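A.B. asks: Here is the input, now give the coordinates:
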Amino acid sequence: MNALQLALADVAGPLSRIAGLAIAAGLAAMISALGYRWYVTQRAPTGAIVLVGLGVVAAYLNTQTALGQVIDGAATISLAAAAFNIGAVIVSSVASVIGHRVGDRTGVALLSRSGMETLDDLTRVVRAGGRVITVELPDEIDDIVGYEPVDSAAKEALAGQSLLFPRGLTVAQLRERLITRLKTDYGVGHVDLELDNGTVTHLAVGRRIAGLGPTLPPESVAMAIRADPSYAAGPGDLVQIWSEDGTRRRCNGEIRAASGEVVTVAVDAADTAKLDPDERYRLVTLATDARPDREFVSLLRAAEETMGIVEIGPEGALAGTPVGALDVTVVAVISAESEGGIETLPSRDRVLGGGESIYVIAAPDELRAVEAAAAARSVPDIGSS
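C.D. replies: I've put the predicted structure just below:
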C-alpha cells in the first residue's frame, strides 16, 4: 500500500505541473485572442494564438526541466523528463485552442454589449474613434462646374467605396490624403470635397483638361506642317512661316510641338488655306512677345484652381462687402450698370454691389462657398473657405 501511494505521489506531481502549464497556456491564449478581437475587431489566427500559449510552456520547460538537469550534471535528459515535456506541449496546445475560442467569444460578447446592434456597426465606431479611420464615399458623386466631367464608369467605381487611412490624422491631413488617393487611384483630375468629422458630406469630381484644343485662343487652329525650326526653338516661340525657297511669307504662327521635320503650329483660322500639308516650309523665329493671355491659360490649366463667375444678388450677403474680405482671388468685376463695363484687378477696398458679377479664381470648394455666400441673405463666415 505504501508502494502504491509512493507511485501515485510520483505521478501526481508531474500531472499537477502539466495541468498548471495547461491552465497558464490557456489563459495566455484567451487574453491574446480577446485583445486581438478588441483591437482589430476580427478573429485572431489560431496558429498565432497557440504559439503564444506554447511560449509560456516553452519558457517554463527551458528554465525548470532541461536546464535544471544540465545544471545537476545529467549528460542527457531522462526518459521521464522527455515524457513530461511532450505531455506538457500536447496538453497545453489543446488548452491554447480552447483559450483562443473562449477569448474570441468573450470579445464578441463584450463588443456586442456596447450598444451596437451588429459588430460591423461597432467596427466603424472603433475605427472612427482613432484606431483606423474609415471614410465612406457617397453613392451620388457630382460634377464640378467649370471642369470636364469624369466618365460615368469612373464615378460608378468611386460611389460607395470605403477607404481606410491611418489613425492620428487631423481633418486637414485626412482631407489632403483622401484627395490625393482619389487622384492617383481613380485618375480624377480635380476633387471638390467636404468632410464633417471624417464623414464625406459633399463630393464632386472633374477631369483635368488635356490636349491642345483648350489652349488655343478663339478663331485659331493648330496644324502640323513639314518644316525645320530654328535651333533651340520650341513650344511658345512665335515664328513666320515662309515657303521653302524663302520668297514668300505665308503667315505667322506659334510653335506648339516639334518632332523631327513635323511641327505643330497654332495659326489664325483664316490662314489655314495658305498652308499645304504636303509642302515643306521654312520657319523664322521672331523676337519674344509678351502673351499674357496664353500665359494665363497655361498657368490656369496646371493649377488646382479654376475660374468662375459669381453673380451677387441684390439682397445677397456679399452686397456691400469689400473685395479684400473674400478669401479668393477676384480678377474682374462686371458692373451692374450697362455703361460701367468690366473693372479688371479691382482694389481690395472696392465694395461689391448687388447685381454685379465677379470673376473669381479659386479651388472648387472655395468657389462653391463664395457662390453660396452670394446667394445667402445672412453674412456667413466666408473666410473659412
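
A.B. asks: Break down the stretch 251-385 of the chain into its helices, ranges please.
C.D. replies: Here the stretch 251-385 of the chain has its helices, by DSSP state H, counting those that start in this stretch, at 292-302, 364-375.

A.B. asks: Report all helices and strands that the last one contacts.
C.D. replies: Using 3 or more C-beta pairs under 8 Å, 6 or more residues apart in numbering; DSSP states H and E as the contact criterion, the elements in contact with helix 364-375 are strand 190-196, strand 306-311, strand 357-362. Just so you know, the C-beta spots here come from the backbone N, C-alpha and C atoms, and that holds for glycine as well.

A.B. asks: The helices of the stretch 251-385 of the chain: lowest mean pLDDT?
C.D. replies: Averaged per stretch, pLDDT over these is lowest on helix 292-302, reaching a mean of 63.

A.B. asks: How is this protein divided into domains?
C.D. replies: 2-112, 130-206, 216-290, 303-384 (automatic domain parsing).

A.B. asks: ranking the ones you listed by mean pLDDT, which is last?
C.D. replies: Mean pLDDT per stretch puts domain 2-112 lowest among the domains of the chain, at a mean of 75.

A.B. asks: quick one on the thing from earlier: okay if I get the domains of the chain as TSV plus mean neighbour count?
C.D. replies: Formatted as TSV, the entries for those read as follows, by neighbours: other C-beta atoms under 10 Å:
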stretch	mean neighbour count
domain 2-112	16
domain 130-206	15
domain 216-290	15
domain 303-384	16
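
A.B. asks: Would you map the helices across the stretch 1-150 of the chain?
C.D. replies: Ranges of helices in the stretch 1-150 of the chain, per DSSP H, counting those that start in this stretch, are 2-40, 46-60, 67-72, 79-112, 119-128.

A.B. asks: Arrange these in CSV, one row each, with distance to G320 as further columns.
C.D. replies: Conversion of the helices of the stretch 1-150 of the chain to CSV gives the following (distance: least, C-beta to C-beta, whole Å):
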stretch, distance to G320
helix 2-40, 56
helix 46-60, 67
helix 67-72, 88
helix 79-112, 56
helix 119-128, 42
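
A.B. asks: which one of those helices lies closest to S152?
C.D. replies: Proximity to S152 (C-beta to C-beta) singles out helix 119-128 among those, at 28.4 Å.

A.B. asks: quick one, what contacts the nearest residue to R256 once chain neighbours are set aside?
C.D. replies: Counting by C-beta to C-beta, 6 or more residues apart in numbering, T264 is the residue found nearest to R256 once chain neighbours are left out, at 4.7 Å. In this structure, T264 makes contact with 212, 222-224, 255-258, judged by C-beta atoms under 8 Å, 6 or more residues apart in numbering.

A.B. asks: where along the stretch 201-350 of the chain do the strands fall?
C.D. replies: Counting by DSSP state E, counting those that start in this stretch, the segments of the stretch 201-350 of the chain that form strands are 220-228, 238-243, 249-259, 262-268, 280-285, 306-311, 329-334, 342-344.

A.B. asks: First-to-last residue distance for stretch 272-280?
C.D. replies: 15 Å (C-alpha to C-alpha, to the nearest Å).

A.B. asks: meant to ask about stretch 308-317
C.D. replies: End-to-end distance for stretch 308-317: 18 Å, by C-alpha to C-alpha.

A.B. asks: before we move on, back to that, can you tell me which of the helices and strands packed on helix 364-375 is nearest to S347?
C.D. replies: strand 357-362 (13.3 Å).

A.B. asks: Okay, angle between that closest one and strand 306-311 too, please.
C.D. replies: Strand 357-362 and strand 306-311 are oriented at 150 degrees to each other (axes from the mean of the first three to the mean of the last three C-alpha atoms, to 10 degrees).

A.B. asks: contacting residues around strand 357-362?
C.D. replies: Strand 357-362 is touched from outside by 300, 305-312, 323, 326, 328-334, 352, 367, 370, 385, with contacts defined as C-beta under 8 Å, 6+ apart.

A.B. asks: how far away is L110 from L34?
C.D. replies: Note on L110: its distance to L34, by C-beta to C-beta, to the nearest Å, is 8 Å.

A.B. asks: what do you get for I86?
C.D. replies: Distance, I86 to L34, by C-beta to C-beta: 29 Å.

A.B. asks: Which one of the strands of the stretch 201-350 of the chain lies nearest to A376?
C.D. replies: Ranked by C-beta to C-beta, the member of the strands of the stretch 201-350 of the chain that lies closest to A376 is strand 306-311, at 12.2 Å.

A.B. asks: Mind listing the strands the closest one pairs with, and their directions?
C.D. replies: Based on DSSP bridges, the pairing partners of strand 306-311 within the sheet are strand 357-362 (antiparallel).
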